[in-house]
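# build me a model from this:
(2 chains)
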Amino acid sequence: MLTYKKFLITIFFAMFSVLGTNAQTAELDKKAPDFELKDSKGKIHKLSDYAGKLVVLEWINFDCPFVAKHYKSGNMQKLQKEYTDKGVIWLSICSSNKGKQGYFESDEINKRIAENKANMTAYLIDTDGKVGKIYGAKVTPHMYIINKDGILVYQGAIDNIKSTDVNDIPKATNYVKEVLDALFSGKPITNKTTTPYGCSVKY
Amino acid sequence: MKLIIIILLFLANNFSLIIANYNQEAVKVSFKLSHSQIKQGDTLLIEFNFKIKKGWHIYWTNPGDAGLPTIIEPLSTTLGQQLDVLMPVPKRLTEEDLTFYCYENQTTMIARFVIDTNISLGSKTLDYEVSWLVCKNECFPGKVKFNIPIIVSETSRIINQFNLEEYPKYSKLSNYNVLMNSDKILVSLSNIQGELFNFYPINTGYFLYNLIEIKRNRGNYELILPLDKFREKDPEIIEGLFVLKNKTSKNTTKSFYSTIILTNQR
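Below you'll find the model as predicted:
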């Protein structure tokens, strides 16, 4: 009888166990799924730690030519600085699996961040790709913006010119800038979803 | 003078000048012309041949979930206008839940360029640019410019016959019904001459490519196109490439582009 009771209690708790990441998938205009990842300096970050703040999620792979376009030109760093200075939390997430392009050990990541003079709040490591798959991250860069209420309000491309050419950056409409400016000014967001472009995420 | 013309003709047949040098190692591009001399108003065919390093791939007009399409375009419109670029049926590659439409090993694409009716006779240079993204476990952009010498003449002379039958053409679908809900589009197709076994959408940003299915239903087909929840808007038309196996000879395939109108289908 005692064994049976223990069995029922175990099943009861198993049904409500949290497996480290919320199993829901990201959807526009809905609460962004919480997650927990370690950054390149060993610190743990949870999305829920940033409740009440604007959060940008940037899927990254330093060796992808599309990411390189935005970093070599200084475009991404400029965006990061402009908005982190205003209190935005900028989380760059790498879902490259071990051995695949974009995967680096922490020392190398920190070296790349320093070399690129990147201004993200943190570079999060998602080697098993769980968070990437919850968010449906397909390419690098793939951008997501979460408002102060924790609602996903944008997903998609960084801008509207699909190329690896740095000369296209000044001609392009930067969707991330557009959305963040709209959020700061209280205006409606014109483009809530766009088709992202880039290299495939190396799950 | 004759020697110069012979040299020019030789160069026109097999000439690739790399001006912009990205990473050219994984892809080599060369071209052949249909004509040694061409009349005003006639269509010049330029066959671009891509030799792709083993294990690498370049992309179709819709690359799929990632990548960039292969682009072939004239750099000016002084000599005429490009009609289109014929691309062969791509291969579908999958990686985790991602799908790509691409070409491996070797492929040819044909640019059809209509010579302007008002252009003067004589030797001209047609500038073309070919750009691509070549990928394996990593990706590199590539680009090459061609200065193609052509002779505009009173008569056209064909020197290379290209088999345009290898390239899909547009064909109107006669019998189809569409059902659309928030998750997917179901297209019922009848009177398909052959076994439909692949569909490659040209539209980007609407579908979950890895979940596209074709089901056989009593001699008819059902094309299931799951919609991407992150799509910018609902599609109003679907454009794509249908690939069929020949009913009598399963080893041969037939393919065609077609359009499915969706408005008022909910």
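# now do the SS call for the residue nearest the centre of chain A.
The centre of chain A sits closest to residue A:57, judged by Cα atoms, centre = their mean, with a distance of 2.6 Å. Under the three-state scheme (DSSP: H, G, I helix; E, B strand; the rest coil), residue A:57 adopts strand.
# give me the spatial nearest neighbour of it, chain neighbours excluded.
The shortest distance from residue A:57 to any residue other than its chain neighbours is 4.1 Å, reached at residue A:144 (Cβ to Cβ, 6 or more residues apart in numbering or on different chains). C-beta here means a position set from N, CA and C on the backbone, and glycine is covered the same way.
# could you do residue B:98 as well?
Of all residues beyond its chain neighbours, the one nearest residue B:98 is residue B:65 (4.2 Å), with distances taken as Cβ to Cβ, 6+ apart.
# what's around the residue nearest to residue A:57, how many residues?
Residue A:144 is flanked by 24 other residues according to other Cβ atoms under 10 Å in any protein chain shown.
# all the helices of the stretch 1-150 of chain B, residue numbers only.
Ranges of helices in the stretch 1-150 of chain B, per DSSP state H, counting those that start in this stretch, are B:2-13.
# which residues of it lie near chain A?
Residues of the stretch 1-150 of chain B found near chain A (Cβ under 8 Å from any Cβ of the partner chain) are B:65-68, B:95-98, B:100, B:133, B:135, B:137-141.
# could you list which of those residues belong to strands?
B:95, B:98, B:100, B:133, B:135, B:139, B:140, B:141 (DSSP state E).
# on that earlier part again, so the residue nearest to residue B:98 makes contact with residue A:138?
Yes: using Cβ atoms under 8 Å, residue B:65 is in contact with residue A:138, at 5.0 Å.
# picking up where we left off before, and the residue nearest to residue A:57, helix, strand or coil?
Looking at residue A:144 with three-state DSSP, the answer is strand.
# how far away is the spatially most central residue of chain B from chain A?
In chain B, the residue lying closest to the centroid (Cα atoms, centre = their mean) is residue B:87, at 2.5 Å. Counting by Cβ to the nearest Cβ, to the nearest Å, the separation of residue B:87 from chain A is 18 Å.
# my read: that residue touches residue B:60, true?
Yes: if you go by Cβ under 8 Å, residue B:87 and residue B:60 touch, sitting 6.2 Å apart.
# can you list residues touching both of residue B:65 and residue A:138?
Contact criterion Cβ atoms under 8 Å, 6 or more residues apart in numbering or on different chains; residues shared by residue B:65 and residue A:138: A:200, B:98.
# what residue ranges in chain A score low on pLDDT?
A:1-23 (pLDDT under 70).
# then the stretch 51-200 of chain B?
Along the stretch 51-200 of chain B, no part satisfies pLDDT under 70.
# pick out the residue of it closest to chain A.
residue B:66 (3.8 Å; Cβ to the nearest Cβ).
# please verify my assumption that that residue contacts residue A:202.
No: using Cβ under 8 Å, residue B:66 is not in contact with residue A:202, being 10.2 Å away.
# returning to that earlier point: was I right about the residue nearest to residue A:57 contacting residue A:54?
No: with contact taken as Cβ under 8 Å, residue A:144 and residue A:54 are classed as non-touching, separated by 11.5 Å.
# rewinding a little: could you identify the buried members of the residues of the stretch 1-150 of chain B next to chain A?
Buried by 16 or more other Cβ atoms under 10 Å in any protein chain shown: B:65-68, B:95-96, B:98, B:100, B:133, B:135, B:138-141, out of the residues of the stretch 1-150 of chain B next to chain A.
# and the gap between residue A:163 and residue A:59?
Distance, residue A:163 to residue A:59, by Cβ to Cβ, to the nearest Å: 18 Å.
# with residue B:40 instead?
52 Å.
# between those two, point out the one with more neighbours.
Ranked by neighbour count (other Cβ under 10 Å), residue B:40 and residue A:59 place residue A:59 first, with 28 against 18.
# what bridges to that one?
Residues in a beta bridge with residue A:59, per DSSP bridges, are residue A:93, residue A:142.
# that one touches residue A:129, doesn't it?
No: Residue A:59 lies out of contact with residue A:129 (Cβ under 8 Å); the separation is 10.7 Å.
# mind listing the shared neighbours of the two?
A:95, A:201.
# got the buried residues for stretch A:70-84?
Those would be A:70, A:71, A:73, A:75, A:76, A:77, A:79, A:80, A:81, A:83, for stretch A:70-84 by 16+ other Cβ under 10 Å.
# now it, how far from the centre of its chain.
Taking Cα atoms, centre = their mean, to the nearest Å, one finds stretch A:70-84 lying 15 Å from the centre of the chain it belongs to.
# can you pull the buried residues of stretch B:233-240?
If you call a residue buried by 16+ other Cβ under 10 Å, then stretch B:233-240 has these buried ones: B:235, B:238, B:240.
# what's residue 160 in contact with, if anything?
Unless you meant another one, I'm taking chain A. A:172, A:173, A:175, A:194.
# my question was about chain B, not that one.
Listed by Cβ under 8 Å, 6+ apart, the contact set of residue B:160 reads B:13, B:32, B:33, B:34, B:45, B:47.
# tell me how many other residues surround the third one.
Same thing as residue B:33. Using other Cβ under 10 Å, the number of residues around residue B:33 comes to 25.
# with the fifth one instead?
Burial of residue B:45 is recorded as 20 neighbouring residues (other Cβ under 10 Å).
# again with the second one
Residue B:32 has 18 neighbours, counted by other Cβ under 10 Å.
# any idea what it is bridged to?
residue B:47.
# quick one, what contacts the residue of the stretch 101-250 of chain B found nearest chain A?
Nearest residue of the stretch 101-250 of chain B to chain A (Cβ to the nearest Cβ) works out as residue B:205 at 3.5 Å. Contacts for residue B:205 (Cβ under 8 Å, 6+ apart) come out as A:194, A:195, B:228, B:231, B:232.
# can we see that at 7 Å?
By Cβ atoms under 7 Å, 6 or more residues apart in numbering or on different chains, residue B:205 lies in contact with A:195, B:228, B:231, B:232.
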